[in-house]
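1. Here's my sequence, what's the structure:
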Amino acid sequence: MPSAPAIAARGVTVRYGDVLALESASLSIAPGRVTGLVGMNGSGKSTLLKALTGMVRPDEGEIELLGHSVSAARAHGLIGYMPQSEDIDPTFPISVRDVVMMGRYGALGLTRRPRAADRAAVAEALERVELSDLAGRQIGQLSGGQRKRAFLARAIAQGASLLLLDEPFAGVDKRSEATIVRLLRELASSGRSILISTHDLHALPQLADDAVLLLRTVLFHGSVHEALEPERLATAFGLDVLTGGGAA
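-> Purely as a prediction, here's the structure:
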């Protein structure tokens with residue numbers, strides 16, 4: 001029996017008051033793939049990710065994640081979400097290790113006391129993002145790239161089957177970008193599904209198996225090579241291009 005799609009969105013429409021953020025967006029993504037979500041600012045990328053996490057409720061349409069409703073997928077800890085920016089006070093005295101341990105909260109039980117398995121999962125996640133030596137450092141003391149890696153470690157420690165990442169390369173250094181790309185490929189190889197919004201078109205071929213072009217609705221979903229064709233990118237980014245027989 002074939003496995004359920006990692007993401008199945010059908011006719012998803014989201015409005016913020018009078019603003020139409022998404023209109024009849026439909027998408028089906030197979031498990032175990034890295035999919036790049038590409039579009040201009042205001043194209044609806046963050047809104048789509050928030051709809052998939054349940055942070056935004058669609059006005060119309062249906063969403064299933066790994067064969068479950070969004071609420072059931074959240075309850076089972078199947079979704080790991082990394083927003084563009086985190087609402088963590090950089091002066092708050094919380095360590096990198098504590099931030100990553102937040103990913104384990106759903107498995108800690110009523111006592112909220114980490115067990116050996118939780119500590120091991122956190123240590124492994126920190127090692128995978130190359131932050132083991134900074135585990136005890138206060139989170140606000142990290143660079144932008146290191147902080148992004150810490151929040152990715154939190155999603156890894158959670159053990160989620162579906163990772164949703166909103167612009168994880170924004171403001172990161174080259175080392176952090178390379179670490180994140182390598183790690184996402186490893187996670188996909190182990191069966192996890194990843195949807196990642198990005199402006200970095202140059203890194204897309206190395207990062208993603210396929211790509212989605214979004215402009216308030218899904219314009220294209222297919223190979224990265226096809227997605228990066230100039231005519232398709234021009235449409236996604238609202239540019240006029242001259243194709244075919246030239247100008248009169």
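2. which residues does the residue sitting nearest the centre point of the chain bridge with?
-> When the chain is reduced to its mean C-alpha position, the nearest residue by CA atoms, centre = their mean turns out to be residue 165, at 1.8 Å. With DSSP bridges applied, residue 165 shows beta-bridge pairing to residue 82, residue 196.
3. Kindly report the same for residue 12.
-> According to DSSP bridges, the partner residues bridging residue 12 are residue 25.
4. related to what we said a few turns ago, from what I see, the residue nearest to the centre of the chain and residue 193 are in contact.
-> No. Counting by CB atoms under 8 Å, residue 165 does not reach residue 193; the two are 11.6 Å apart. Any C-beta I mention is one placed from the backbone N, CA and C, and that applies to glycine too.
5. all strands for the chain, in order.
-> Using DSSP state E, the strands of the chain run over 7-16, 19-29, 34-38, 60-65, 68-69, 79-82, 162-166, 193-197, 210-214, 218-223.
6. Comparing these by mean pLDDT, which bottoms out?
-> Lowest mean pLDDT of the strands of the chain: strand 79-82, a mean of 89.
7. Need the contact partners of that strand.
-> Contact with strand 79-82 is made by 49, 52-53, 55, 65, 70, 73, 103, 148, 151-152, 154-156, 158, 160, 162-166, 168, as judged by CB atoms under 8 Å, 6 or more residues apart in numbering.
8. how close does residue 5 sit to residue 228?
-> 24 Å (CB to CB, to the nearest Å).
9. Report how many residues lie close to residue 169.
-> As a burial measure, residue 169 scores 19 neighbours (other CB atoms under 10 Å).
10. ditto for residue 174
-> 8.
11. what's the nearest residue to residue 50 if we skip its chain neighbours?
-> Nearest residue to residue 50, sequence neighbours excluded (CB to CB, 6 or more residues apart in numbering): residue 56, at 4.1 Å.
12. my bad, should have said residue 101
-> Nearest non-adjacent residue to residue 101 (CB to CB, 6+ apart): residue 122, at 5.3 Å.
13. got the contact list for that neighbour?
-> Counting by CB under 8 Å, 6+ apart, residue 122 makes contact with 97, 100, 101, 103, 104, 114, 153, 157.
14. quick one: which of those residues is nearest residue 60?
-> Checking those against residue 60 with CB to CB, the nearest one is residue 103 at 32.2 Å.
15. Isn't that closest one up against residue 150?
-> No. Look at residue 103 against residue 150 with CB under 8 Å: they stay out of range, at 10.5 Å.
16. Taking the contacts of residue 122, tell me the two that lie furthest apart.
-> For the contacts of residue 122, the maximum inter-member distance is 14.9 Å, found between 114 and 153 (CB to CB).
17. which of the two has more neighbours?
-> Legend: neighbour count by other CB under 10 Å for residue 114 and residue 153, higher for residue 153 (30 against 17).
18. Is that one in contact with residue 130, as I believe?
-> No. Using CB under 8 Å as the test, residue 153 is too far from residue 130 to be in contact (9.6 Å).
19. check contacts around the residue nearest to residue 50.
-> Counting by CB under 8 Å, 6+ apart, residue 56 has contacts 14, 47, 50.
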